[in-house]
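J.: Predicted coordinates and the sequence they were generated for:
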Amino acid sequence: MYYVREKDEAGISLPGRVWKKLIGPENGGCQNMIFGVVSFPPGSNPGTHAHPAEEEIIYVLSGRGETEVGGKIYPLEPGVAVFTEPGVEHGVKTLGSEPLVLVSVFSPPVKPGSYDRK
């Protein structure tokens, strides 16, 4: 068992977003996935990327935006969940004047930002 509060965790600044790892292999002992909260500021558009071996699920908590998955655009708003298979190009951009905040889960775990285009 592992208990954590988001407000107690430091974020990792990545291009166009801040990623807060809440549970994963390094904290919590969870070996097969990583769970975090990602905040994209207004106007953020970090571009697309793909994870070669990892599945990803996102769930929108607040804000508005769009996700591009496999060349198609889908709206993001609170209550929306998206699953992306390994190897599929995808990305998120913020729309509006509020941050876009979402939950992100990867399996197997991946180092946040290691998949960003350099």
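T.: Nice, I can see it. Numbering: from 1, shown residues only.
J.: wait, isn't residue 96 in contact with residue 62?
T.: No - using C-beta atoms under 8 Å as the test, residue 96 is too far from residue 62 to be in contact (10.7 Å). Every residue, glycine included, has its C-beta placed from N, CA and C.
J.: And for residue 31, the neighbour number?
T.: 10 (other C-beta atoms under 10 Å).
J.: got it, and the one 3 residues further on?
T.: As a burial measure, the neighbour count of residue 34 was computed by other C-beta under 10 Å and equals 26.
J.: so it touches residue 20, yeah?
T.: No - if you go by C-beta under 8 Å, residue 34 and residue 20 don't touch, sitting 11.2 Å apart.
J.: who's the residue positioned nearest the centre of the chain bridged to?
T.: By C-alpha atoms, centre = their mean, the chain has its centre lying nearest to residue 104, at 4.1 Å. On the basis of DSSP bridges, residue 104 is bridged to residue 36, residue 58.
J.: quick one: it from residue 19, how far?
T.: 7 Å (C-beta to C-beta, to the nearest Å).
J.: Need the overlap of contacts for the two.
T.: 36, 37, 38 (C-beta atoms under 8 Å, 6 or more residues apart in numbering).
J.: Check whether residue 91 really touches residue 44, as I assumed.
T.: No - checked against C-beta under 8 Å, the pair residue 91 and residue 44 is beyond contact range at 10.3 Å.
J.: ok, the residue lying closest to residue 29 once chain neighbours are set aside - contacts?
T.: Nearest in space to residue 29, with sequence neighbours left out and distances taken as C-beta to C-beta, 6 or more residues apart in numbering, is residue 2 at 6.3 Å. The contact partners of residue 2, by C-beta under 8 Å, 6+ apart, come to 23, 27, 28, 29, 30.
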